[in-house]
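Asker: sequence unknown, structure follows:
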């Protein structure tokens with residue numbers, strides 16, 4: 001029987017594996033691990049780490065951050081991983097969590113569809129390490145799984161309980177949510193009126209900001225949500241109530257937003273994501289009540305083709321409680 005590798009090596013390899021969930025990540029990449037992170041590892045000692053580095057089992061690359069020299073680490077990628085050693089996942093008790101994890105255990109891809117290293121690892125290790133693959137983020141409560149980060153062209157080939165799948169998501173969900181937030185916070189406003197009338201918000205923004213394409217306007221909208229307070233918005237939209245509220249809200253300290261102290265401009269993204277999660281939890285609850293298996297990608301649900309009509313009806317019933325106008329695709 002092969003001797004189990006030291007936790008330091010297992011930890012670095014496990015970090016390298018989880019790093020693969022990010023776009024363009026490679027198995028040859030080095031990963032940063034802080035001294036404090038290493039110190040929490042069972043059986044860690046500086047002497048053992050230095051010994052593995054001297055022997056060449058662990059390779060390092062220096063990099064500078066804020067004027068401080070730090071290290072990234074790498075080991076041979078081929079070998080065991082132990083995701084239970086990772087302390088930075090935020091999987092915790094969550095309504096419907098057990099059912100949603102069960103659905104993830106019964107997910108696959110159609111034969112012949114290429115799989116990423118990360119997804120292959122998920123299929124191999126999910127029985128043992130599901131908590132590492134089902135993460136409820138501490139910012140807004142969004143769910144992150146291997147499905148939510150999968151490329152769209154591969155999600156079309158997903159199987160759920162060995163059945164082909166369909167997906168349902170809300171067209172322009174983020175503008176819809178912003179319109180609802182603005183209605184809740186300030187009442188009547190132009191932005192919410194545009195949304196509720198069914199107008200193409202990106203074309204309106206394109207014309208207002210004098211942009212060339214609709215895609216430019218879409219990118220501009222996301223900078224409106226995630227960017228810092230920007231008084232240049234007044235030059236485009238005038239001193240209207242919704243622009244004033246957005247700019248002000250991005251400068252206050254909101255004690256409920258965990259990032260507000262360092263990044264108050266994240267307040268709007270936090271508030272919108274909280275509402276998205278609230279809506280989607282209601283959708284998931286209805287699906288579970290009606291015994292419809294599903295996977296989730298933020299404001300999208302993936303269901304078997306045979307359940308598509310029922311899932312659409314349930315999804316629309318929830319959305320109609322929040323929005324005057326919406327469209328599922």
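Answerer: Here it is on my side, so go on. Quick caveat: nothing in here was measured; it's all calculated off a predicted structure.
Asker: so which residues of this protein form strands?
Answerer: Ranges of strands in the chain, per DSSP state E, are 31-32, 59-65, 68-74, 107-109, 135-136, 143-144, 158-160, 163-169, 295-297, 300-304.
Asker: among those, which gets the worst mean confidence?
Answerer: Ranked by mean pLDDT, the strands of the chain bottom out at strand 135-136, which scores a mean of 89.
Asker: so which elements touch that strand?
Answerer: Helices and strands touching strand 135-136, by 3 or more CB pairs under 8 Å, 6 or more residues apart in numbering; DSSP states H and E, are strand 143-144. The C-beta positions use only the backbone N, C-alpha and C, and glycine is treated the same way.
Asker: which elements pack onto the strand it packs on?
Answerer: Packed next to strand 143-144, using 3+ CB pairs under 8 Å, 6+ apart, are strand 135-136.
Asker: partner strands of the strand it packs on, parallel or antiparallel?
Answerer: Strands that pair with strand 135-136, judged by DSSP bridges, come out as strand 143-144 (antiparallel).
Asker: you'd agree residue 258 is up against residue 141?
Answerer: No: taking contacts as CB atoms under 8 Å, residue 258 lies outside contact range of residue 141: 11.0 Å.
Asker: neighbours of the nearest residue to residue 178 once chain neighbours are set aside, how many?
Answerer: What sits nearest to residue 178 in space, not counting adjacent residues and going by CB to CB, 6 or more residues apart in numbering, is residue 272, at 6.1 Å. A total of 21 residues lie near residue 272 under the criterion other CB atoms under 10 Å.
Asker: and the gap between residue 85 and residue 19?
Answerer: Residue 85 sits 14 Å away from residue 19, going by CB to CB, to the nearest Å.
Asker: ok, back up a step: could the strands of the chain be laid out in CSV, adding distance to residue 276 and mean neighbour count?
Answerer: Below are those laid out as CSV (distance: least, CB to CB, whole Å; neighbours: other CB atoms under 10 Å):
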stretch, distance to residue 276, mean neighbour count
strand 31-32, 30, 16
strand 59-65, 32, 10
strand 68-74, 34, 14
strand 107-109, 23, 18
strand 135-136, 14, 18
strand 143-144, 11, 21
strand 158-160, 22, 20
strand 163-169, 11, 17
strand 295-297, 11, 22
strand 300-304, 11, 22
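Asker: quick one: closest of the ones you listed to residue 326.
Answerer: Between residue 326 and the strands of the chain, the shortest gap by CB to CB is with strand 163-169, which sits at 10.9 Å.
Asker: got the angle between that closest one and strand 300-304?
Answerer: Using axes from the mean of the first three to the mean of the last three CA atoms, to 10 degrees, the inter-axis angle of strand 163-169 relative to strand 300-304 is 150 degrees.
Asker: show residues contacting strand 163-169.
Answerer: 110, 155-156, 158-159, 295, 297, 299-306, 308, 311-312, 315, 328-329 (CB atoms under 8 Å, 6 or more residues apart in numbering).
Asker: if we go to 7 Å?
Answerer: For strand 163-169, contacts defined as CB atoms under 7 Å, 6 or more residues apart in numbering pick out 155, 158-159, 299-306, 308, 311-312, 315, 328-329.
Asker: please apply the same query to stretch 56-70.
Answerer: With contacts defined as CB under 7 Å, 6+ apart, stretch 56-70 is touched by 9, 12, 30, 32, 52-53, 71-75.
Asker: try 8 Å this time
Answerer: Contacts of stretch 56-70 (CB under 8 Å, 6+ apart): 8-9, 12, 30, 32, 34, 49, 52-53, 71-76.
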